Every structure is written in C-alpha cells, then in structure tokens.
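Colleague: Below are the sequence and a predicted model; questions follow.
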Amino acid sequence: MYQGKIRAIFKNSGIAFTGQELDNIEYADFGLKNIEEEGLNLIVYVNNDRYCAKEMVLLPRQTCPEHRHPRRGIKLEIEGKEETFRVRYGKVYLYVEGEENVQEISAKIPEKSKEWYTIRHEIVLEAGEQYTIIPDTLHWFQASEEGAIISEFSSPSDDSSDIFTNPNIKR
C-alpha cells in the first residue's frame, strides 16, 4: 500500500523514470517504524566519488529527521556532503542552523520525536525554488499539506556517516 502510493507519485510526477528506477525506490524509515510521519522516499540516479543526484518524494507532512553530514574518512579527509534541494512540486519547510526567524514554525513536528527537532531557522521553498545546505549543517525538512517532490544535487552521499539528532535512528 505505502510503496504503491509512493511509486504512483513518482510515476505521475511528470519526470521520466525507467522501470528499474521505479523498482529500486528506497523507502527510508530510519528504523523508526513510523514512515508515513518520519521517512523519505528516494530514487538515486548517480552517486559516485564526485557527485550525487536523486529525486525525493515526501507525503503530506512527512518529515526527514534532523541530521547533518560531517567530515568523514579515517583522518576526516573527506568533506561532508553539500546538497542543493530544488523543489519540483509542492512546498517544503526546511530548517537549518541559525537564529530562529519565525515566531511559530510552519512544520508540525512529529509528536513522538519532538525532542529530536532542535533547530528553528525556517526556509520555505515553493516549487521552482532551491537552497544549498553547506556541509556539517544540522537540518531537517517537511512537506506541506500537499506533499513534495524534491531534486537533490550534491557532493557524494554516504548515508552511513550521517549523524542524526535522534539516537534511535538507524540508517
């Protein structure tokens, strides 16, 4: 059911995907078993030692938990991931480190994990807008009521090195 819904959103997005890409959608629940509230759905086009490109689907109010992409490697010789989000459909509430800039945030923080969402500098991205997150910056994001499709362009992606604020998350 869940996977069929996500596949249909990708398929009806107006973006051309191969059957293989649709068959290999990654449904990330972060080990929280609460994917409709805290989760992310991805199609990765390419991820090599120079760059990464992917599409992400978020259901209405679905949230990617707070995390950062730190330096990595044995001697921390590899810079953390820098990523640019470009919203293709819907609206995204993105939170990054920085001073609180709104009295009340637009996102609805998942109740059972609320202590793990600590930053409140809000950036609202409408379809056609984009924002670049520099390496090692805490961030989290949520789709508005209509859901969202986001293209991500980044330096190499290494999910195992991501650090989540919620210690219960497994990636």
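Modeller: Received, thanks. Residues are numbered from 1 along each chain as shown.
Colleague: Kindly provide the distance from the residue most central in space within the chain to Asp159.
Modeller: Centroid check for the chain by Cα atoms, centre = their mean gives Cys64 as the closest residue, at 4.9 Å. Note on Cys64: its distance to Asp159, by Cβ to Cβ, to the nearest Å, is 12 Å. C-beta here means a position set from N, CA and C on the backbone, and glycine is covered the same way.
Colleague: Toward the C-terminus from the lengthiest strand in the chain, list the very next helix or strand.
Modeller: When the chain is parsed with DSSP state E, its longest strand is strand 139-154. Downstream of strand 139-154, the first helix or strand assigned by DSSP states H and E is strand 163-164.
Colleague: now the angle from the helix ranked longest in the chain to strand 139-154?
Modeller: Ranked by residue count, the top helix of the chain under DSSP state H comes out as helix 2-11. Put simply, helix 2-11 runs at 50 degrees to strand 139-154, going by axes from the mean of the first three to the mean of the last three Cα atoms, to 10 degrees.
Colleague: who's in contact with helix 2-11?
Modeller: For helix 2-11, contacts defined as Cβ atoms under 8 Å, 6 or more residues apart in numbering pick out 17, 22, 25, 27, 35-36, 41, 43, 55, 57, 59, 147, 149.
Colleague: who's in contact with the residue lying closest to Ser154 once chain neighbours are set aside?
Modeller: Nearest in space to Ser154, with sequence neighbours left out and distances taken as Cβ to Cβ, 6 or more residues apart in numbering, is Glu83 at 3.7 Å. Applying Cβ under 8 Å, 6+ apart to Glu83 gives the contacts His69, Thr132, Ile133, Glu152, Phe153, Ser154, Ser155.
Colleague: Val92 too?
Modeller: Val92 neighbours (Cβ under 8 Å, 6+ apart): Leu58, Phe85, Val124, Leu125, Phe141, Gln142, Ala143, Ser144, Ala148, Ile150.
Colleague: With adjacent residues omitted, what lies nearest to the third one?
Modeller: Using Cβ to Cβ, 6+ apart and skipping the chain neighbours, the partner closest in space to Val124 is Tyr93 (6.0 Å).
Colleague: Now do the helix or strand where the one you found lies, average pLDDT.
Modeller: Assigned by DSSP H and E, Tyr93 belongs to strand 83-96. In this model, strand 83-96 carries a mean pLDDT of 98.
Colleague: Each with direction, which strands does that strand pair with?
Modeller: strand 121-126 (antiparallel), strand 130-133 (antiparallel), strand 139-154 (antiparallel) (DSSP bridges).
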